[in-house]
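Novice: sequence first, predicted coordinates after that:
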Amino acid sequence: MQSRFFRARDGLRLHYLSHPCTQAESASYCILLHGFTNDAHVWDGLVGALQAKHHVLALDQRGHGDSDWDPARKYSHWQLAEDLQDFLVSLGDATVHIVGHSLGARVAILALESMHHSVTSLTIVDAGPEVSPEAGERLVNDVMQLPEHHADVQAYLDCLARIYVMADTEALARLASFGLRVKRGRLMTKTDPAFTPGIWHKSPEFRRLDKEKGELSVRLWRALGALTLPVHIVRGQASSILEHSLALKMVQVLGDRGLLSVVPRAGHAVMLDNPVKSAALIAQFIQNAASETGVTRIEKELESRV
């Protein structure tokens, strides 16, 4: 694992973890995009399933992890999509697969709508163009109730455990071990406190962009329907963020390009709740997409029905 940085077009320094391919001589890239308030290490359990055949690049989105906090507080889906586009440009003509969780998946959908980079497949982990107001408020409230400072990593882990109630113990402990930074002599989480109001409809910047670019959910539905690549939708069985009816509607919009898998014993944080099953499903889909089989009836056997 190597820690690296790249510059977004506005000059912000953004961090990513590079996990070079361990076996193949000429490998494609898997880009992993975390969700709201997480960081690149949320994907640590997936890396091993992909690294034998792909270079795995896990990004810290602006305001998260070891990426810069944006002094202008440009925290919006559109800004994060622009950052992803900048990163894709830096890879040139390489073959790329994208895996995004929650916010990261929505960002990827928007980025691909207006970019002609040849991405081979997209995996959407527990995310949709819409989020019910109740589920969205619960998610925001969980984050807002976290203490600003923590005595040590164990105290932070205890807080996370109250939010991620279904999470695998080892996966959550690893996430907590990378999730704090020292600021003014005290331990605090790495996510910029300004990110939450910026991304969740509560800032003047969001309202301005929503007016200029159109309602976000409408844009996401349109962008999803315009995708021409294989798309894998991975839903946590107990998720309240991606309801089953919404996931089915997404597959319907995608037609033959879409595949739905349901991961048992998992809520919204699929890769933390059931890292083994989710990694196997994601890796198999990417392998099939890489071999140019597309989404076929045979691939439907990957689905984990409940």
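Specialist: Nice, thanks for sending it over. Numbers count the residues shown, from 1 in each chain.
Novice: drop to CA atoms for contacts and neighbour counts, all remaining ones
Specialist: Fine.
Novice: how close does the residue of the chain most remote from its centre sit to Gly45?
Specialist: In the chain, Gly185 marks the outermost C-alpha relative to the chain mean, sitting 30.7 Å out by Cα atoms, centre = their mean. According to Cα to Cα, to the nearest Å, Gly185 stands 31 Å off from Gly45.
Novice: show me where pLDDT drops low in the stretch 51-200 of the chain?
Specialist: 116, 133, 136, 144, 200 (pLDDT under 70).
Novice: try it again at 90.
Specialist: Counting by pLDDT under 90, the stretch 51-200 of the chain shows low-confidence ranges at 73-74, 76, 92-94, 113-118, 130-149, 183-185, 193-200.
Novice: how close does Gly267 sit to Ser239?
Specialist: 4 Å.
Novice: comparing the two, which residue is more hemmed in?
Specialist: Gly267 (24 against 20; other Cα atoms under 10 Å).
Novice: buried residues of the lengthiest helix in the chain, list them for me.
Specialist: The longest helix of the chain (DSSP state H) is helix 275-290. Neighbour-count burial for helix 275-290, counted by 16 or more other Cα atoms under 10 Å, picks out 275, 277-279, 281-283, 285-286, 288-290.
Novice: so where does Met188 fall, helix or strand?
Specialist: Element membership of Met188 [criterion: DSSP states H and E] is strand 186-189.
Novice: who does the next helix or strand after that strand touch, helix- and strand-wise?
Specialist: Downstream of strand 186-189, the next assigned helix or strand under DSSP H and E is helix 195-199. Helix 195-199 is packed against helix 204-213, with contacts defined by 3 or more Cα pairs under 8 Å, 6 or more residues apart in numbering; DSSP states H and E.
Novice: following the helix it packs on, which helix or strand comes up?
Specialist: The helix or strand immediately downstream of helix 204-213 is helix 216-226, counting by DSSP H and E.
Novice: after that next one comes which helix or strand?
Specialist: Once the chain leaves helix 216-226, the next helix or strand it forms, by DSSP H and E, is strand 231-236.
Novice: now that following strand: mean pLDDT?
Specialist: For strand 231-236, mean pLDDT is 97.
Novice: neighbouring strands for it, and are they parallel or not?
Specialist: strand 119-125 (parallel), strand 258-263 (parallel) (DSSP bridges).
Novice: need the ones you listed in a markdown table (columns: distance to Val131).
Specialist: Putting the strands paired with strand 231-236 into a markdown table (distance: least, Cα to Cα, whole Å) gives the following:
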| stretch | distance to Val131 |
| --- | --- |
| strand 119-125 | 14 |
| strand 258-263 | 18 |
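Novice: would you mark the buried spots in stretch 134-149?
Specialist: Neighbour counts over stretch 134-149 (16+ other Cα under 10 Å) mark 143, 149 as buried.
Novice: helix, strand or coil: sort out Gln23 for me.
Specialist: Using DSSP: H, G, I helix; E, B strand; the rest coil, the structure places Gln23 in coil.
Novice: give me the pLDDT value at it.
Specialist: Looking at Gln23, the pLDDT reads 86.
Novice: equivalent analysis for Gly214, please.
Specialist: You'll see Gly214 listed with a pLDDT of 65.
Novice: could you do Leu302 as well?
Specialist: pLDDT for Leu302: 44.
Novice: could you do Arg305 as well?
Specialist: 37.
Novice: element containing the closest residue to Gln2 other than its chain neighbours?
Specialist: Leaving aside its chain neighbours, Gln2 sits nearest to Ser18 (5.0 Å; criterion: Cα to Cα, 6 or more residues apart in numbering). Element membership of Ser18 [criterion: DSSP H and E] is strand 13-19.
Novice: ok, then the element right after that strand?
Specialist: Counting by DSSP H and E, what follows strand 13-19 is strand 28-33.
Novice: list the buried residues for the next helix-or-strand element following that next one?
Specialist: Moving toward the C-terminus from strand 28-33, the next helix or strand (DSSP H and E) is helix 44-50. Using 16+ other Cα under 10 Å as the test for burial, helix 44-50 gives 44-47, 49-50.
Novice: between those residues, which is closest to Ser245?
Specialist: Leu46 (26.6 Å; Cα to Cα).
Novice: distance of that closest one from Gln79?
Specialist: Counting by Cα to Cα - Leu46 and Gln79 are separated by 26 Å.
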